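Chemist: A predicted structure for the sequence below; I have some questions about it.
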Amino acid sequence: MGRTELFVLVASALAVAALCRRRGLNAPLVLVAVALAVSLVPGLPRLELEPEVLLDLVLPPLLYSAAQAASYRDLRAAVNPIARLGVALVVVTALAVAGVVTLLEPGLPFAAALVLGAVVAPPDAVSAAAVGRRLGLPRRVMTLLSGESLINDATSLTLYSVALAGVATGAWALGDAAGTFALAVVGGVGVGLGLGVVLHAVRMRLDDPVVASAVSLLTPFAAYWSAEAFGGSGVLAVVAAGLHLGHHAPRAGYATRLYQEPLWSTVDLLLESFTFALIGLQLPWVVRDVVASDEGLGHGVVVALATLATAVLVRPLYVVATRRVDHLRLPGSHRPARDALGAREAAVVSWAGMRGVVTLAAATAIPAEIGGEPFPERATLQLAAYTVAIGTLLAQGLTLPWVIRRLRVGAEGEAVADDAQEAAARLAEADAVDAVLDRYRDRWADELGPQRAEEALGRIGRSWRRRTVAAAQILDPEREDDESARPDALGDGTTLPTMTRDHGRRVHALRREIVAAQRAVLVQRRDAGGLDEEVLRRMLRELDLEDEALSSSWVARALVDEGDGGGTSVPDADARRAGGGSPEGPTGRGSQPGDATRP
């Protein structure tokens, strides 16, 4: 595929995806359908990529982005059902598909049939999660789907590599396969965690969010390629690194977080749109390859439909048969038994089996030759994989919203619980603000005099306290709290002194420390289990934007003009105390007028 064709493909896929996002349509399905229609245009050349491109260049960033967005605490709590679906179900599905295909084609080596089984085994939670968010699935269901999608890719691709080795050698040894799998898991997780620890330490010392974001873009490739070089699973390395860095992201600079969120959303949109469009364009050519093969189209269609039926049926049968296992506790799992999936939630999970990027990438990567010989029935296996991907998108992707509504699976109570958590966290933030103001009282009394210091700090403290209590009462009206009746240190009617540059500098530093204290409270409550990850990130973004407003204020510009803090907009020490990384905002340009004096 030339540069022009590649650019046209990506740009066209982006245009279709943008329309789907605007209209609320299922983007993967529409992309495949549009690309399939385009592929039928007479004279259109065949667009092909090297098989390694999708696995080595497209898959790592998609996995890394998903891992960063996942909640480590929620995944750890749900380790039992995630392992049940992300590991055991993948193996069961792969073996079932391999068995069915071998029965239909006795001359096909079992290892080659297992290649197909590994390709079609892992569901992709992107579509299911998008539907679930829109329809309000419970968080434990969303956690299970996202956690499954993170580790089932590693399971399937490791099994895929083992099966390819079996095709190349012509021998199948269960012991060798188990050893290869164990090495892939240990090596992949080890490399990913090691890289994550190193990069987090580097990120904490970077003062430039642009550089930090560039490092983030390189991270999935470094993790994937390093693990593969050592015989480990590149997929697991990417997931481990992404989970570690995502869990510790609240401790990094605010500007880095504000940079990376839209950056990775953009990368996801481009890569996913490109992949689904590519599969639609390639499908007719795969059909032609099957027609030209010795087996013929009829045989290929039978194998493809049998594979689709097996992949669709195995999941609900397995989920129903093993649902009771969720009540068992594995080491490292802290989820209470009452939080296990109910029957209706399990039914939704069993139908959320749409295949996606991994299936398409692995199918494309099946080599034309292996061990110097043509790969057995490659065109038929690819047709079967594409049929499973498109068929599940059609059969399950289009009907999943109906299933969710019909079963009335929702998360009505979670919104109330989230609001209660946020209300408690905001009151805890207010206490932290009071502690910061107490630390500043003596310092400002020496600089401004006791009376002016009390006036300034009293005005700021009352504003913070009233705003926080009002938000907490709105979020949780049932909360019994007398904070609103708490007497102020000073009576009403006090005024803030005239704001000079020195006064502005003092208030600027105080507000940065207040934001830092609030951020620390949120992370502590999250780590202690009192604040859900989703609520944390919602509140953290609010603080990050407040930090950005401080960095864009007239005080920050004045400090830059003075050359204070080594040319940054605020003193380096204040920026670090605020968890700020670079004091520049994500615009990276000059400042905009702001009000650093108004709490």
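Modeler: Right, received. Where do you want to start?

Chemist: now Leu281: how far from Val235?
Modeler: From Leu281 over to Val235 the distance is 25 Å, taken as Cβ to Cβ, to the nearest Å. (Each C-beta comes from the backbone N, C-alpha and C, glycine too.)

Chemist: give me the residue at the spatial middle of this structure.
Modeler: Ala66 (2.4 Å; Cα atoms, centre = their mean).

Chemist: still on that earlier bit, neighbour count for Leu281 and Val235, which is higher?
Modeler: Remark: of Leu281 and Val235, Val235 carries more neighbours, 30 against 22, as counted by other Cβ atoms under 10 Å.

Chemist: secondary structure element holding the more buried one?
Modeler: helix 234-247 (DSSP states H and E).

Chemist: which residues of the stretch 401-550 of the chain fall in helices?
Modeler: Along the stretch 401-550 of the chain, the stretches classed as helices by DSSP state H, counting those that start in this stretch are 412-448, 450-475, 501-527, 533-551.

Chemist: and those, which one is worst for confidence?
Modeler: The weakest mean pLDDT among those belongs to helix 450-475, with a mean of 73.

Chemist: could you chop the chain up by domain?
Modeler: Domain assignment of the chain by automatic domain parsing yields the ranges 50-410, 414-577.

Chemist: so where's the stretch 201-350 of the chain shaky on pLDDT?
Modeler: Within the stretch 201-350 of the chain, the stretches with pLDDT under 70 are 326-340.

Chemist: would you map the helices across it?
Modeler: Remark: helices assigned in the stretch 201-350 of the chain by DSSP H, counting those that start in this stretch are 209-229, 234-247, 254-292, 296-322, 343-351.

Chemist: and those: which comes nearest Ala517?
Modeler: helix 254-292 (13.9 Å; Cβ to Cβ).

Chemist: quick check: angle from the closest one to helix 501-527?
Modeler: 50 degrees (axes from the mean of the first three to the mean of the last three Cα atoms, to 10 degrees).

Chemist: now the angle between helix 209-229 and helix 254-292, please.
Modeler: Going by the same axes, to 10 degrees, helix 254-292 makes 40 degrees with helix 209-229.

Chemist: for helix 254-292, packing partners?
Modeler: Contacts defined by 3 or more Cβ pairs under 8 Å, 6 or more residues apart in numbering; DSSP states H and E place helix 254-292 against helix 3-23, helix 27-39, helix 59-69, helix 209-229, helix 296-322, helix 357-364, helix 378-392, helix 533-551.

Chemist: just give me the neighbour total for the residue lying closest to Leu36 once chain neighbours are set aside.
Modeler: Residue nearest to Leu36 in three dimensions, not counting chain neighbours: Gly280, with 4.2 Å by Cβ to Cβ, 6 or more residues apart in numbering. Gly280: 24 surrounding residues under other Cβ under 10 Å.

Chemist: ditto for Arg46
Modeler: Neighbour number of Arg46 under other Cβ under 10 Å is 11.

Chemist: circling back to that earlier point, the residue nearest to Leu36 reaches Ser39, doesn't it?
Modeler: Yes: using Cβ atoms under 8 Å, Gly280 is in contact with Ser39, at 6.4 Å.
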